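[1] A structural model of the following input is requested.
(chains A and B)
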Amino acid sequence: MTQSSPYLLELTGMCKAFPGVIAADEVDLKIRAGEVHALLGENGAGKSTLVKMIYGILEPDDGEIRFNGKVVTIKSPAHARELGIAMVFQHFSLFDSLTVVENISLGMDSGSDLKALAAQITDVSQRYGLPLDPHRHVYTLSVGERQRIEIIRCLLQNPKLLIMDEPTSVLTPQEVQKLFVTLKRLSQEGLAILYISHKLDEIKALCHDATILRLGKKIATVSVENETTASLAAMMMGEELKAFTHADKVNNGAVRLEARNLNVKATDPLGISLKKINLEVHAGEVVGIAGVAGNGQDELLTALNGENISQIADSILIAAMPVGKLGPNQRRKLGLASVPEKRLGHGAMPDMSLVENAFLTAYERLGFIKNGLINFRKTKAYAKNVIDDYAVKTPSSDVPAMSLSGGNLQKFIIGRELKQNPGILIVSQPTWGVDAGAAQTIREAIRAMAANGAAVLVISQDLDELMEITDRIGAICGGELSKFYPVDNITIEKIGLLMAGVTDAEDMDKKSAA
Amino acid sequence: MLPRLIKRQAPSRAMVYLTPVLALLLTLISSIFLFWIMGVSPLAALHAFFIEPISSLYGITELAVKATPLILIGVALSLGFRAGVWNIGAEGQLILGGIFGGATALFFYEKTGFYIIPLILIMGVLGGMLWSGIVAFLKTRFNANEILTSLMLSYVAGLLLNLMVHGPLRDPDGMNFPESRLFSDSAILPILYEGTRLHLGAMIALLAVGIGWIILSRTLLGYQIKVMGDAPAAGEYAGFSQSKIIWITLLISGGVAGLAGAIEVSGPIGQLLPTISPGYGFTAIIVAYIGRLHPLGVLFAALLLALTYLGGETAQMKLSLPVAVTGVFQGLLLFFLLASDVLIQYRIRFGKQVVMT
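    Just a heads-up that it's a prediction; the model follows:
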């Protein structure tokens, strides 16, 4: 590319400090019109801080922003939109009970006529290959379709720069492919895209240049075609990650956890009902369940761990014993441990200390109650043990759980469960939002559990993760489980089909066997 | 530039204890204004309100008498509030305890025996539990908001007491005054210090502080209460039953409020009257919050709020201020406490944000 085309956006010396951390330290960034520019870094590297400054959510402490050649101070997101900067957030802000067009109209800075807007939406959606019916209610839409609403909402403002914050973390592989086609077309029309991600394959497939951040500092800006995923990873992480070695498989032990025709009716009108779940997890194996968020993962976890009690005793069995009617504590006594997806508020109490959080699920198995009183010395020793063994970064065990970063809290929660030596472990989204180093620790710990003979069930959106640590894999879609396949003879594409609810993967199975 | 609120990284522990003091200061400042507007010398008024009531030994024992129901109910409400169960109908539960305890006292009018007082207290507890049990049932069975049901039941309780003293429990020799007989000596709580009204209830209140403290800090029940208040989903995950916690906290707070009612009628009052509480059950909500939902804090907060009752009476007598001053004062205190509690999560910054260089 030639240097002659002027930069659309130029950041120089951007700084932003928060109490206790410098989130951006002299960061430079330049984007040309029509360029897809990757912003690459681990969680906590400062990507979000940087884009929040561009989008006017955060005020920079220092630094200069040039947009279209002019120095600007971006005061607010509305101001940013006025300049021609649009952003698609990782978490959508949509009202489930309203239609697509109503949602988009709510987000407009000026009022608009719904009919005209619906026509505009149809127009934009056809032009860029983003099929979407403006009159559908949002709760009937898949996550991929919801993301389209956000993208169309941005495109309606004719932006010059589109910021996308980890857009693929909630999509199936097929949906990712469609999104990329759209993004490429947009960039050909001259739209600049700032693409935030830590998924290296996507960046290789989509982006022209990449700026790599680490701990708030810019490491480099590189042309993506001259780099390999390995060299990008090295810059992102600062060290080569040792490749994960598939542990030797302990072959099928006894069935430890089983679900037989398990039906769970959703209590929430917008929730997902589980339909005829059949599942077997053997001792010594890791079983993976893939799926796009909101397809019944939470419901499955709470049905299996006893938070949601079933009416039929033998719809769930632990070591061939019917436990469907037993509560969480009784199932835990039989050796089941679980880690829910949501950390603050489900796996841990935000305002309570780590010691108190250690007590939550461990008190019965480890005997933290003596003569009716809580033995805090013993609980504290256990909390410290978890903190040390799982390298949880915290000033002490007395700080509230909410003061820990997502990754550190996740290490603490997983450590709390694993150190009780459960015979069955169910983990949902074990490494979601966790930095690469901690994710590696967690995955190794999960694998080691299985190697020691535990039955492990991992529910995750991260396909790479599932391919790496599981022995058998299936998918959940709309509350129904697919068949399970050995991980060695299934492809990412096929899992993608299972995630999308395709049930006739049988045919493909026969072909691959032939 | 206007002052701005900046979110703190972690809630400030210091502020948790400082905001009640700050709220008290702000209340004092605004009451000075209030007295000034009403044409009373603020200094004289504050003296009458806060110094005079406790400048004699008798005054101090009176303070303890007024603080007793506040401590009892404040401690019990703290347990529920910690769990996110908002029983604001302690006043009604207190009245029911008074009716049950009082009826027991009247039933044994002609008897003597050591068993009568314990029986009165137990009946008081049952009366309070009956009233809060209704709230718990409606909440767990129909998901009815406990704030509404408990408050509404308070008015029912007040009318019920009226019905009783106008009807079945009226003094047969009382010339149709809506009052019960004076209880017999066997039904009156022993006085702890001769010549004052300080009664056994004060000891029971101190005991409640100790028990409440142990429950909250050292028992599984206290732990479950805190977990339910902080993160109900985490409680479900651990296998704690939410409806069990709702029942337990409501029965405890109702039972203790009922106990306070029985103590009031068999202690300082000595009979059943159409009104047996100057709003102790409502004031105890302020006590619980000023005391930071901690039993020891409740003890101090109850003494402070008891002083506003005494001070209101003194101000009425000495300066002929209306008795409503007490209510205004209590309201201001809660108002300023809730307002200044924002400082626990946020800090104030003045002026423009400083640009780092």
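[2] Next, the contact list for residue 218, please.
    Unless you meant another one, I'm taking chain A. A:Lys218 makes contacts with A:26-29, A:211-212, as judged by CB atoms under 8 Å, 6 or more residues apart in numbering or on different chains. Glycine gets a C-beta too; all of them are placed from N, C-alpha and C.
[3] my question was about chain B
    A:373-374.
[4] Could you report the pLDDT at it?
    The per-residue pLDDT reported for B:Arg218 equals 95.
[5] Can you pull the phi/psi pair for the most centrally placed residue in chain A?
    Centrality entry for chain A: nearest residue to the mean C-alpha point is A:Trp432, 4.4 Å, by CA atoms, centre = their mean. Dihedral pair for A:Trp432: phi -60, psi 120, per degrees, to the nearest 10.
[6] Check which element follows whichever strand or helix holds A:Leu257 along the chain.
    Assigned by DSSP states H and E, A:Leu257 belongs to strand A:255-264. Using DSSP H and E, the helix or strand that directly follows strand A:255-264 along the chain is strand A:274-282.
[7] Now find how far off-centre that next one is within its chain.
    24 Å (CA atoms, centre = their mean, to the nearest Å).
[8] when you scan the strand holding A:Leu257, is anything in it near chain B?
    No - figure legend: strand A:255-264 not in contact with chain B (CB under 8 Å from any CB of the partner chain); closest approach 14.7 Å.
[9] and the residue in the stretch 151-300 of chain A positioned nearest to chain B, how many residues sit next to it?
    Of all residues in the stretch 151-300 of chain A, A:Asp298 sits closest to chain B, with a separation of 10.2 Å (CB to the nearest CB). By other CB atoms under 10 Å in any protein chain shown, 21 other residues sit near A:Asp298.
[10] for the helix or strand harbouring it, the distance to its chain's centre please.
    Using DSSP H and E, A:Asp298 falls within helix A:297-305. Centroid displacement of helix A:297-305 relative to its chain, using CA atoms, centre = their mean, is 18 Å.
[11] what's the angle between that helix and strand A:274-282?
    60 degrees (axes from the mean of the first three to the mean of the last three CA atoms, to 10 degrees).
[12] Which other helices and strands does the helix or strand just after helix A:297-305 contact?
    Next helix or strand after helix A:297-305 toward the C-terminus (DSSP H and E): strand A:316-318. Applying 3 or more CB pairs under 8 Å, 6 or more residues apart in numbering or on different chains; DSSP states H and E, one finds that strand A:316-318 contacts strand A:255-264.
[13] Now the strand it packs on: buried residues?
    Within strand A:255-264, the residues scored as buried using 16 or more other CB atoms under 10 Å in any protein chain shown are A:255-260, A:262, A:264.
[14] partner strands of it, parallel or antiparallel?
    strand A:274-282 (antiparallel), strand A:316-318 (antiparallel) (DSSP bridges).
[15] Let me see the residues that make contact with the last one.
    Right, the one you point to is strand A:316-318. A:255-260, A:262, A:303-304, A:310, A:322-324, A:331, A:334-336, A:424.
[16] The stretch 301-450 of chain A against chain B: which residues are in contact?
    Going by CB under 8 Å from any CB, the residues of the stretch 301-450 of chain A near chain B are A:302, A:305-307, A:327-330, A:332, A:338, A:340, A:342, A:344-352, A:356, A:359-361, A:363, A:369, A:372-374, A:399-400, A:402-403.
[17] okay, now whatever residue of the stretch 1-150 of chain A ends up closest to chain B: neighbour count?
    Going by CB to the nearest CB, chain B is nearest to A:Asp61 of the stretch 1-150 of chain A, at 4.0 Å. When neighbours are counted by other CB under 10 Å, A:Asp61 registers 19.
[18] Need the per-residue pLDDT for it.
    With respect to pLDDT, A:Asp61 has a value of 90.
[19] can you check A:Leu232 too?
    81.
[20] Just say helix, strand or coil for A:Leu213.
    When classified by DSSP: H, G, I helix; E, B strand; the rest coil, A:Leu213 comes out as strand.
[21] my guess is it contacts A:Gly46, does it?
    Yes - if you go by CB atoms under 8 Å, A:Leu213 and A:Gly46 touch, sitting 5.1 Å apart.
[22] these two touch, right, B:Leu130 and B:Gly97?
    No - judged on CB under 8 Å, B:Leu130 makes no contact with B:Gly97 at a distance of 9.4 Å.
[23] Looking at these two, which is more packed in?
    Neighbour comparison, B:Leu130 and B:Gly97: the larger count goes to B:Gly97, with 37 against 17 (by other CB under 10 Å).
[24] Next one: that one from B:Thr68, what distance?
    Applying CB to CB, to the nearest Å, the value for B:Gly97 to B:Thr68 is 13 Å.
[25] Quick check: neighbours shared by those two?
    Shared contacts of B:Gly97 and B:Thr68, counting by CB under 8 Å, 6+ apart, come down to B:Ala260.
[26] Identify the residues contacting A:Lys411.
    A:390-392, A:434, A:438, A:441-442.
[27] scratch that, A:Thr49 is what I was asking about
    A:Thr49 neighbours (CB under 8 Å, 6+ apart): A:16, A:23-24, A:58, A:216.
[28] of all of chain B, which residue lies closest to chain A?
    B:Gly239 (3.5 Å).
[29] and the stretch 101-250 of chain B, which residues reach chain A?
    Counting by CB under 8 Å from any CB, the stretch 101-250 of chain B sits next to chain A at B:214, B:218-220, B:223, B:226-227, B:230-231, B:233-234, B:236-239, B:241.
[30] Next, give me the two most distant ones among the residues you listed.
    Using CB to CB, the two most remote members of those are B:Ile214 and B:Ala233, lying 27.4 Å apart.
[31] These two - which one has more neighbours?
    Higher neighbour count among B:Ile214 and B:Ala233: B:Ala233, with 18 against 14, using other CB under 10 Å.
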